[in-house]
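Colleague: fold the following for me, if possible:
(chains A and B)
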Amino acid sequence: MSTTSASASAPAAGFDPVPVRRSPLARFTKRATRHPGFMAGAVLLAVILVLSIGAPLFTAHDPYAQDISRRLIPPVWHDKGSWEHWLGTDKLGRDYFARLLYGGRISLMIGAATVLLSGIIGTALGVAAGFFGGRVDMVIGYIINVRLALPVVLVALAVAALVGTSLNTVIVVLGLLLWDRFAVVARSTTQQIAHADFVGAARAIGCSTRLIVFSEVLPNILNPLIVVATLEMAHAILLEAALSFLGLGVQPPLPSWGLMISEGKQYMFFSPWVITIPGVALVALVLGINLLGDGLRDVTAPDNRS
Amino acid sequence: MTVPVLELDNVTKIYPVPQGMFKPRAMLTAVGGVSLTVARGEVHALVGESGSGKSTLAKMLLGLTKPTAGEIRIDGVPIAQTDRREVARRIQPVFQDPYSSLNPRKSVADLIALPLVAHGIGTSASRQKKVAEMLDAVGLPRRMIDAYPGQMSGGQRQRVAIARALVMQPDVLICDEPTSALDVSVQAQILNLLMDLKREFKLTYFFISHNLAVVEHLADRVAVMYLGRIVEERGREALFTQASHPYSRALLDCVLTPDPSLGMPDTVIAGSFPNPIAPPPGCAFHPRCPRATDRCHAEAPGSLPVADGVAACHYAS
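Modeller: Below is the predicted model:
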């Protein structure tokens, strides 16, 4: 504290002490709090995260406990609703709020794990192709084309039919299928960066190829990759919902938002809330992720730093 | 006699140029048989118009591309036999455009400390101290240690680039037109800084430029390059008072004078820069030379000794 104020007021450079640098985290928070979209997304996502992870704190009901005598109770804003099950119950009499909270865990986990897996695969391939070019680029370009020729849902359905369905299968299959956008974006941005003067400068300075890739190339392609990551996370969550809806994703009685929509589809004309409640939750999650990703891109952009 | 810090022996760089699918590749001689010696502590300037091979030569000196033929020696040791990192400890670059030669994602501290990180020198605390010292040396306030290139002016960025080049305490600085991307008012500051640093750190400069006024201001020796070859290599005094090669003389005549009543200088060079894929026979300069004779069409001149240097012209003396 005293060091920084002293360096700011000292007139001669020679008498400056070595200044205390503000931590990268402090600089990041300062910029982030000024971005409304980023804050809206962060709050939305934080609420969903806290509610899902802390699910037992927010509901006393067991998401698996069935009670056939109390099935399809409407939410509290209906005439027949009650505060005991304030979002109602499903066709087996399970508390809908509890299932929503525990189902959020599944969606978040699938989104995060899939993006982690596909992000690592896609970025590694894309950066290698863009940085080394030539034959490496040709081989990886071929792999990307092969992947793009595969329809995701069809392959996921085929794998699910072959090895059976489970949460892990869904994550691995989606992770191994959704890396194409990472690879394409990483490749084209790396190609631009690899010819920049500062990469040549780093080489002349004596940096190893590893250091150039990790400290010169990767930080400069991070922005578009963050946007891709948020898009793909939303994509993965929706795909899981679609697979569960088709009966080939997460298996009952595990709660998942896609599965809840699927199970509720036969009741949607008389009890529409069984579809709208998980549907609204899904929209809120995807919106939160996209807002956060958009904001993160703006906040970390070098030209916005001041 | 002491060993020169930098020695170029017949250095040649030839790029194959694809001519289309069914034609054989053409050969572009970017640098053709350049021999130079740079003594320790001197400022050796290299001038020439765009496309004459100056930057290709700089790239080879920095080890970014390998010469097709010939040898570059540092203190008598060939670069080809030296580890790239070892070369980097001895020779550091200052690039032309400080807007693209600095990683926009890194703070000043990270930029200047990069060579130390790359060579695994020091702890993060000692690097921090070193960075602060370098900021003082290049005349940047220490509070800029956290700034990003996007927040700095061109002159400040070039100071950061110079600090980064000096942090390893190299022997030779390759300056590839270090001031041509800057405002005129800032150019003088950067040049004066370079000269101050040369004294302070006992540096040798290999200074590439197309600005003859700058070269006259700071060079000890000057090499003039045309179409990949050195056409004249002289001490500064000798070149600026009695240039022997018609091309050097034409370049000197092109310099604008501060006196507006003299009008635009009269250029003696006719025609345009020849195609480097198919250079003219004989002396490469003869199509544009006011004094060309039949001998120039037929026979390429060798290096002829002139006062304080050499010139590649049949009629140098």
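
Colleague: which parts of chain A are helices?
Modeller: Under the criterion DSSP state H, helices of chain A are mapped to A:2-9, A:24-32, A:36-53, A:55-58, A:96-132, A:134-149, A:152-163, A:167-177, A:180-194, A:197-205, A:209-211, A:218-245, A:257-264, A:273-300.

Colleague: cool, the stretch 201-317 of chain B as well?
Modeller: Here the stretch 201-317 of chain B has its helices, by DSSP state H, counting those that start in this stretch, at B:212-218, B:236-242, B:246-254, B:294-298.

Colleague: hey, which of these is tucked in deepest?
Modeller: Highest mean neighbour count of the helices of the stretch 201-317 of chain B: helix B:246-254, a mean of 20 (counted as mean count of other Cβ atoms under 10 Å in any protein chain shown). In this view, the C-beta of every residue, glycine as well, is placed from N, C-alpha and C.

Colleague: so where's the stretch 1-150 of chain A uncertain?
Modeller: For the stretch 1-150 of chain A, the stretches with pLDDT under 70 are A:1-24.

Colleague: so where's the stretch 1-150 of chain B uncertain?
Modeller: Low-confidence segments of the stretch 1-150 of chain B (pLDDT under 70): B:1-2.

Colleague: find the closest residue to chain A in it.
Modeller: Residue nearest to chain A within the stretch 1-150 of chain B (Cβ to the nearest Cβ): residue B:88, separated by 3.0 Å.

Colleague: with adjacent residues omitted, what lies nearest to that residue?
Modeller: In this structure, residue B:88 finds its nearest non-sequential neighbour in residue A:206, 3.0 Å apart by Cβ to Cβ, 6 or more residues apart in numbering or on different chains.

Colleague: out of the helices of chain A, nearest to residue B:78?
Modeller: Proximity to residue B:78 (Cβ to Cβ) singles out helix A:197-205 among the helices of chain A, at 18.0 Å.

Colleague: contacts for the closest one, please.
Modeller: Contacting residues not belonging to helix A:197-205 are listed as A:193, A:211-212, A:215-217, B:62-64, B:88, B:91-93, B:95, B:97, B:100-103, B:114-115, B:118, B:161, B:164, B:168 [Cβ atoms under 8 Å, 6 or more residues apart in numbering or on different chains].

Colleague: and if we set it to 6 Å?
Modeller: Helix A:197-205 is contacted by residues A:212, A:216, B:62, B:88, B:93, B:95, B:100-103, B:115, B:118 when judged by Cβ atoms under 6 Å, 6 or more residues apart in numbering or on different chains.

Colleague: taking the residues you listed one by one, which sit in strands?
Modeller: Per DSSP state E, strands hold the following members of these: residue B:93.

Colleague: restricted to buried residues, select the contacts of helix A:197-205 in ChimeraX.
Modeller: The buried residues among these can be selected in ChimeraX (16 or more other Cβ atoms under 10 Å in any protein chain shown) with this line:
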select /A:212,216 /B:62,88,93,95,100,101,102,103,115,118
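
Colleague: write out the residues of the stretch 51-200 of chain A neighbouring chain B.
Modeller: By the criterion of Cβ under 6 Å from any Cβ of the partner chain, the positions of the stretch 51-200 of chain A lying close to chain B are A:196-198.

Colleague: for the residue in the stretch 101-250 of chain A that chain B sits nearest to, what are phi and psi?
Modeller: Of all residues in the stretch 101-250 of chain A, the one sitting closest to chain B is residue A:206 (3.0 Å; Cβ to the nearest Cβ). Note on residue A:206: its backbone torsions stand at phi 110, psi 20 [degrees, to the nearest 10].

Colleague: which residues are in contact with it?
Modeller: B:85, B:88, B:118-119 are the contacts of residue A:206 under Cβ under 6 Å, 6+ apart.

Colleague: what's the distance between residue A:284 and residue B:128?
Modeller: To residue B:128, residue A:284 is 45 Å away according to Cβ to Cβ, to the nearest Å.

Colleague: repeat for residue A:286
Modeller: Remark: distance between residue A:286 and residue B:128 (Cβ to Cβ) = 43 Å.

Colleague: please apply the same query to residue B:140.
Modeller: Using Cβ to Cβ, residue B:140 is found at 15 Å from residue B:128.

Colleague: can you check residue A:276 too?
Modeller: For residue A:276, the distance to residue B:128 (Cβ to Cβ) stands at 57 Å.

Colleague: per-residue pLDDT of residue 208, please?
Modeller: Going with chain A. As predicted, residue A:208 sits at a pLDDT of 86.

Colleague: meant chain B, my bad for not saying
Modeller: Looking at residue B:208, its pLDDT reads 90.

Colleague: let's see which of the contacts of residue A:206 end up in helices.
Modeller: B:85, B:88, B:118.
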